[in-house]
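[1] fold the following and give me the result.
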Amino acid sequence: MIAPGTTHLSAEQLAKLGLDGLPRTKRGIHLRAEAEGWTAIRRSGRGGGLLYALADLPAPAQVDIAERMSGDNRRRRGRPKDTDFWTRHPDVADAVEAILAEQRIAAPRVLELLETRFDELPSLRSLQRRCAMVERTKPALLASMRDPDAYKSRFRLALGRADGGVDRAHQVWELDTTKADVMTRGGRRMVLGVIDRWSRRARFLVAPSESGQSVRRLLIDTIRAWGVMPETVATDNGAGYINASIRTALDTLGIEHRICPPGSPEKKPFVERLFGTFTRERAQLLAGFAGHSVAEAQRLRAVAKKQTGRAVIVAELEPEDLQAILDAWVDGVYHQREHSALRMTPMQKWLSSPVPATAAPSEDVLRVALSALVGTHKVGKRGIQWKAGRYWTAELTPWIGRQVVVRRDEEDLGALFAFDEDGHFIGTAVNAERAGFSEADFAAEAKRQQAEWTRQARAQVRERQRGFGIDEAKQLLLRRDAERAGKLHALPLPTEQRETVAMRSIVARPAAEMPAPARLAAAWTQSEQPKRGETVAERVARTDAIIAAAERGDTVDPDELRRARLFTASSQYRAEKLITGDFAPTPSRPAGPHPEERT
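    Below is the predicted model of the structure:
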């Protein structure tokens, strides 16, 4: 309590009072008085010291003193005095801290919340001082609970260097995407960025969206432009960065993919800072700037409404213009000025790498490795069928009937890249129509390639057959079965007779004449014997000709026709038909994109 008529107080007394707007320590009072030039008199008597004039105190402190002198802080509804309320009611103090940890609200609203739980309450002024004390003494704790992003940027410890783990250029590339802060006539585009963590060399790409195609294009263009490959790329878990096309492409090139946890911009701080630097230095100067935050966007729309009558940001740039501005800024400004952390320019740092970087692969390797993943397809008699097209290359001949992994160049629908399941490249399959080739010539060449491969493969198999002796193995197997059967003796089991009407009727009638098994076997054996010097392909052709003649009504030898029909049921006939299936040209159709291609 301050006695009425008091005009001067010491620094210690002012600190203990805890007046609004004043420090709570003796040293803090002295520093504040010296900075603001408070009038002071020297205290007489024991101890000495200075007494400060209350009239020189800040306005909030003077109001607080006046209220205490006049007794305006008397308790209503039996409230205790301010000076000892929080000590006597720690549960209320805890409740205040719990409320403020949720959100920052005014003291009157805090008091209303306290009234729902407690009978004895502090005065409004006392509560205001308590809230101010909590906000002042626990800023980091409150930020961590109210706004994790603000806590990370303002209070989270960052004693080390974000690039402390790299010691050479292109050891780690950071990739990220942000929505452009500038409206274009093509809409609000996405800006993809890549930066070398060690040297800070960077590139941008303006794209319609953060798609796998955009990410691949950024990687391809950067590798081409810089002539090197990174050891590791660090990205977030956005759909454009973790899709199968990107993961398999990076694996093919031997690049490690480091995926940062969600909500962890500190894991790739340099690309995040790169976006912010461009926004501050150039985006804010461009026509169509839409703001980097909700509040800024609202302010800009309000300005636009005042100027044009419409709360709309008018776009004046094309996406290509924004790309050109980004390229000019990063190469003409960002790369050529000294960075305080590097103590040199990014280009100087890039050229001073102590370890040579991995050279970029050839254009063909880069094009295939960073192609889009189509999926797994089975190679059939019509090659690889995709989007109503047939794709073929001679390297696929041994893969007929097997699964291959297919990728495609997004800029060329006339070709597909085929890989085996282990990632080894098989070949580039071409679609004759989409590549502009003659379908008839393409089909004939494919058939010739298959025939040549089949001839060589058959020769190899026959060579293996001569070394193994299949017929001898069959005879030995049958002999073994017979020997084992002769050693088996089964005891007779008790049985009983059972008859049905059908069984009795069958017994009563004479048995129908059935062809003798010997005749059937002889006929089958005869049908199996090819003519001397005749190949399997020639025999298949002769069989087809006999059956076709019989169907036309021509005169055909009955025995020849019977043998031909029996041969069509053999495994030789079916295998030959499967192997010699050709690639027939597709039926002509009207010009124009296929329905699936239009989508």
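[2] drop to CA atoms for contacts and neighbour counts, all remaining ones
    OK.
[3] show me how the protein divides into domains.
    Domain segmentation of the chain under automatic domain parsing yields 8-151, 172-359, 371-451, 518-588.
[4] turn those into CSV, columns for mean neighbour count, mean pLDDT and distance to residue 480.
    Formatted as CSV, the domains of the chain follow (neighbours: other CA atoms under 10 Å; pLDDT from 0 to 100; distance: least, CA to CA, whole Å):
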stretch, mean neighbour count, mean pLDDT, distance to residue 480
domain 8-151, 15, 83, 79
domain 172-359, 17, 87, 52
domain 371-451, 18, 82, 35
domain 518-588, 13, 74, 23
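[5] out of these, flag the one nearest residue 473.
    domain 518-588 (19.4 Å; CA to CA).
[6] circling back: nearest to residue 483, of the domains of the chain?
    domain 518-588 (24.6 Å).
[7] which helix or strand contains residue 404?
    strand 403-408 (DSSP states H and E).
[8] biggest helix in this protein by residues?
    For the chain, the longest helix by residue count, based on DSSP state H, is helix 439-468.
[9] what are the contacting residues of stretch 256-269?
    Residues from elsewhere that reach stretch 256-269 (CA atoms under 8 Å, 6 or more residues apart in numbering): 162, 174-175, 231-237, 247, 250, 272.
[10] what's the most distant pair in those?
    Among the contacts of stretch 256-269, the pair separated by the greatest distance (CA to CA) is 162 and 247, at 25.0 Å.
[11] before we move on, back to that, as CSV, the contacts of stretch 256-269 with secondary structure and distance to residue 411 would be great.
    Conversion of the contacts of stretch 256-269 to CSV gives the following (DSSP: H, G, I helix; E, B strand; the rest coil; distance: CA to CA, whole Å):
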residue, secondary structure, distance to residue 411
162, coil, 38
174, strand, 26
175, strand, 23
231, coil, 27
232, strand, 27
233, strand, 25
234, strand, 27
235, strand, 25
236, coil, 27
237, coil, 26
247, helix, 20
250, helix, 20
272, helix, 30
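[12] closest to residue 356 among those residues?
    Distances from residue 356 to the contacts of stretch 256-269, taken as CA to CA, are shortest for residue 231 (11.7 Å).
[13] what are the phi and psi values at that closest one?
    phi -80, psi -40 (degrees, to the nearest 10).
[14] also residue 173?
    Dihedral angles (degrees, to the nearest 10) for residue 173: phi -110, psi 130.
[15] please apply the same query to residue 339.
    phi -100, psi 130.
[16] for residue 259, same thing?
    Dihedral angles for residue 259 - degrees, to the nearest 10 - are phi -90, psi 120.
[17] next one: the one 5 residues further on
    Residue 264 has phi and psi values of phi -130, psi 70 when expressed as degrees, to the nearest 10.
[18] do the same with residue 53
    The phi/psi pair for residue 53 (degrees, to the nearest 10) is phi -70, psi 130.
[19] give the contact list for the spatially closest residue to it that is not a sequence neighbour.
    Among residues not flanking residue 53 along the chain, residue 8 sits closest, at 4.5 Å (CA to CA, 6 or more residues apart in numbering). Applying CA under 8 Å, 6+ apart to residue 8 gives the contacts 51-54.
[20] format those residues as JSON lines; extra columns: distance to residue 18 and secondary structure.
    Listed next are these as JSON lines, based on distance: CA to CA, whole Å; DSSP: H, G, I helix; E, B strand; the rest coil:
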{"residue": "51", "distance to residue 18": "16", "secondary structure": "strand"}
{"residue": "52", "distance to residue 18": "15", "secondary structure": "strand"}
{"residue": "53", "distance to residue 18": "16", "secondary structure": "strand"}
{"residue": "54", "distance to residue 18": "14", "secondary structure": "helix"}
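[21] helix or strand for residue 63, which one?
    Here residue 63 is assigned to helix 59-70, by DSSP H and E.
[22] show me what contacts residue 168?
    198, 353-355.
[23] please confirm that residue 16 is located within a helix.
    Yes. Using DSSP: H, G, I helix; E, B strand; the rest coil, the assignment for residue 16 is a helix.
[24] where's it relative to residue 23, distance?
    Residue 16 sits 10 Å away from residue 23, going by CA to CA, to the nearest Å.
[25] what do you get for residue 460?
    Applying CA to CA to residue 460 and residue 23 gives a distance of 96 Å.
[26] just give me the residue right at the centre of the protein.
    Central residue of the chain (CA atoms, centre = their mean): residue 242, 2.3 Å from the mean position.
[27] follow-up on the earlier one: identify whichever of the domains of the chain lies nearest to residue 484.
    Among the domains of the chain, domain 518-588 sits nearest to residue 484 (CA to CA), with 26.1 Å.
[28] now name the helix or strand holding the nearest residue to residue 423 once chain neighbours are set aside.
    Closest residue to residue 423 apart from its sequence neighbours, by CA to CA, 6+ apart: residue 252 at 7.5 Å. Using DSSP H and E, residue 252 maps to helix 244-253.
[29] how about residue 476?
    Per DSSP H and E: helix 470-486 holds residue 476.
[30] in the helix or strand hosting residue 507, what counts as buried?
    Element membership for residue 507 (DSSP H and E) is helix 501-508. Judged by neighbour count (16 or more other CA atoms under 10 Å), helix 501-508 contains no buried residues.
[31] distance of residue 493 relative to residue 11?
    Distance from residue 493 to residue 11, by CA to CA: 118 Å.
[32] please apply the same query to residue 321.
    For residue 321, the distance to residue 11 - CA to CA - is 64 Å.
[33] next, the contact list for residue 189, please.
    Applying CA under 8 Å, 6+ apart, we find residue 189 in contact with 179-180, 183, 206-209, 319.
[34] among those residues, which ones are in helices?
    Using DSSP H, the contacts of residue 189 in helices are residue 319.
[35] so who does residue 572 touch?
    With CA under 8 Å, 6+ apart, residue 572 has these contacts: residue 536.
[36] please, which helix or strand holds it?
    Using DSSP H and E, residue 572 sits in helix 571-579.
[37] and residue 361, by the same measure?
    Using DSSP H and E, no helix or strand contains residue 361.
[38] what number of residues lie near it?
    Using other CA atoms under 10 Å, the number of residues around residue 361 comes to 16.
[39] tell me which helix or strand residue 215 sits in.
    helix 212-226.
[40] helices or strands up against that helix?
    On a contact count with 3 or more CA pairs under 8 Å, 6 or more residues apart in numbering; DSSP states H and E, helix 212-226 meets strand 190-196, strand 202-207, helix 239-242, helix 244-253.
[41] of those, which is nearest residue 372?
    helix 244-253 (5.4 Å).
[42] pull the CA atoms of the helix holding residue 572 into CSV?
    What follows is helix 571-579, C-alpha atoms only, in CSV (Å, rounded to 0.1, in the frame of the first residue of the first chain):
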residue,chain,number,x,y,z
SER,A,571,1.5,-79.8,-78.3
GLN,A,572,3.8,-79.3,-81.3
TYR,A,573,1.1,-77.7,-83.3
ARG,A,574,-0.1,-75.4,-80.5
ALA,A,575,3.5,-74.3,-79.6
GLU,A,576,4.3,-73.5,-83.2
LYS,A,577,1.1,-71.5,-83.6
LEU,A,578,1.9,-69.5,-80.4
ILE,A,579,5.5,-68.8,-81.4
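[43] angle of it against helix 439-468?
    140 degrees (axes from the mean of the first three to the mean of the last three CA atoms, to 10 degrees).
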